[in-house]
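J.: Give me a 3D structure for the following:
(one chain, ligands or ions: 1)
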Amino acid sequence: MRPRVPLPSPRSSIRVFGAAAIVAALATAAAAQTPFIPYYGKNNPHYDTFNWQIYTTDHFEIYFYPEVQPHLERIASYAESAYQQISADLKHDLSFKVQLIIFKTHSEFEQENVDPGAGVEGVGAFAEPFRQRIVAPIDDPPDRLYGLIVHELTHQFQFDIIPQTLIRRSVPLWVNEGGADYERGQWEPLDLMVVRDAAIADVVPKMSQLEGYGTAGPSRLIYNLGHAVFEFIEAKYGKEGIRQFMFALRKSVIGGGEDAYEEALKLKKEEFDEAFERYLKERFKPFRDKERPADYGRDLSPNQEKTHFAQALSITPSPSGDLLAVVTANRKDQELDIILVSSKDGSIVRNLTPGEPVDGLVAQGRSARLLRAHEQRADARRAERAHAQDRAANPDEVGG
Ligand SMILES: [Zn+2]
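T.: Take a look at the predicted model:
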């Protein structure tokens, strides 16, 4: 199977997941003609005939057709800028010109036959590991298009530093994709949120153990954590640290040499994993500190120590907002009950279902009805009292 590296399109999460599906399908069904088993893409429809021409720059051969020509200079300048950026970061030059094959729109890109079946709906662009080609549509907004080119070109640098034909151990997925996203230098809000949530929820995996181009687990999270790892390395060792790490990885992957973490970062694998986790926790500390229930409200559920009610399984507020009907566990009677609670201080006003077990499934609907009935009775009592007060104050009017 020819590994290829689809870039999840930044345009929408649906396409992002499409790309994840493609990675998974490629790995599990190498013989399949198409990532969308069993039907889509068996034939790759070509609606247009492209009149290909070549435009050569310092580091690229750009393949274009006349409809793309108005954009050619812009694309060429993006590509050369991207090259300068990555080359400076990694202090590395490619010994070949990258073939950049551009399509005016994504739907035209889907007709590509550089690698039939690769340019499908869920893939933003792709870089070929063996033939130094990048195939990309150019209909993204400028900043995203530049980012797309940087991402794919980073793969070409990665493939050049660690030649895919020589590897004895595979490069971890997070290195390739995380490194490309790091060079791209843009965080999709959703991607950053995923990393933040992993840090806050204490579910950051040990990155050094995520070897190979494996597809286990949520691969988008792996991309994003990889992106964060490169930012971590930069924060701790500067851009030079990233270069050292890539070249140490080259040694260890090709020659089975020393551990890249030890050689480049002077950390044992476990120390690296710990340091990365610490970095993430520190980075998202404001969120960790902020996200406490007390910042948003008060706990009005029954006090387990002072009452025999435990937990608020569901609540319904009264129309006035003064009261809450709460489905709760009655530890004394070993049953679910619906109780009325003051929304001011959580004090228990009354048990609406004393001695009467409540089925959890119907409790929520009942709590609203009971609350309504309770308020109606309270209204009636208030009216009664007011009436009685009236009568006491104006005895002459009685019967009037
Ligand atoms: Zn990629």
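J.: I'd like the average pLDDT over the helix or strand that contains Q376.
T.: Per DSSP states H and E: Q376 is located in helix 360-393. Across helix 360-393, the average pLDDT comes to 74.
J.: Show me what that helix is packed against.
T.: Taking 3 or more CB pairs under 8 Å, 6 or more residues apart in numbering; DSSP states H and E as contact, the helices and strands that helix 360-393 lies on are strand 309-317, strand 323-330, strand 335-342. The way it works is simple: take the backbone N, C-alpha and C, and place the C-beta from them, glycine included.
J.: For the ones you listed, could you give me JSON lines that also reports distance to F96 and mean pLDDT?
T.: What follows is the helices and strands packed on helix 360-393, written out as JSON lines (distance: least, CB to CB, whole Å; pLDDT from 0 to 100):
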{"stretch": "strand 309-317", "distance to F96": "64", "mean pLDDT": "86"}
{"stretch": "strand 323-330", "distance to F96": "68", "mean pLDDT": "90"}
{"stretch": "strand 335-342", "distance to F96": "71", "mean pLDDT": "89"}
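J.: closest to the ion out of these?
T.: Among the helices and strands packed on helix 360-393, the nearest to the ion by CB to the ion is strand 309-317 (44.8 Å).
J.: Tell me which other helices or strands the closest one touches.
T.: strand 323-330, strand 335-342, helix 360-393.
J.: Next up, identify which helix or strand the residue in the stretch 251-400 of the chain positioned nearest to the ion is on.
T.: Nearest to the ion, among the residues of the stretch 251-400 of the chain, is V253, at 17.7 Å (CB to the ion). Assigned by DSSP H and E, V253 falls within helix 219-255.
J.: Show me which residues of the stretch 151-300 of the chain sit near the ion.
T.: 177, 180 (CB under 5 Å from the ion).
J.: Can you tell me the SS state at the residue nearest to F159 when sequence neighbours are not counted?
T.: Once flanking residues are discounted, F159 sits nearest to P129: 4.7 Å by CB to CB, 6 or more residues apart in numbering. Assigned by DSSP: H, G, I helix; E, B strand; the rest coil, the conformation of P129 is coil.
J.: do the one 10 residues further on as well
T.: The three-state label for D139, taken from three-state DSSP, comes out as coil.
J.: What values do phi and psi take at it?
T.: Backbone dihedrals for D139, given as degrees, to the nearest 10, come out at phi -90, psi 20.
J.: quick one, what contacts it?
T.: Listed by CB atoms under 8 Å, 6 or more residues apart in numbering, the contact set of D139 reads 104-106.
J.: Tabulate these in JSON lines, adding columns for pLDDT.
T.: Supplementary listing: those in JSON lines, determined by pLDDT from 0 to 100:
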{"residue": "K104", "pLDDT": "89"}
{"residue": "T105", "pLDDT": "89"}
{"residue": "H106", "pLDDT": "87"}
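J.: still on that earlier bit, comparing the helices and strands packed on helix 360-393, which comes out most buried?
T.: strand 323-330 (a mean of 23; mean count of other CB atoms under 10 Å).
J.: Now, the contacts of D139 that are in helices?
T.: H106 (DSSP state H).
J.: List just the nearest of the contacts of D139 to the ion.
T.: H106 (16.4 Å).
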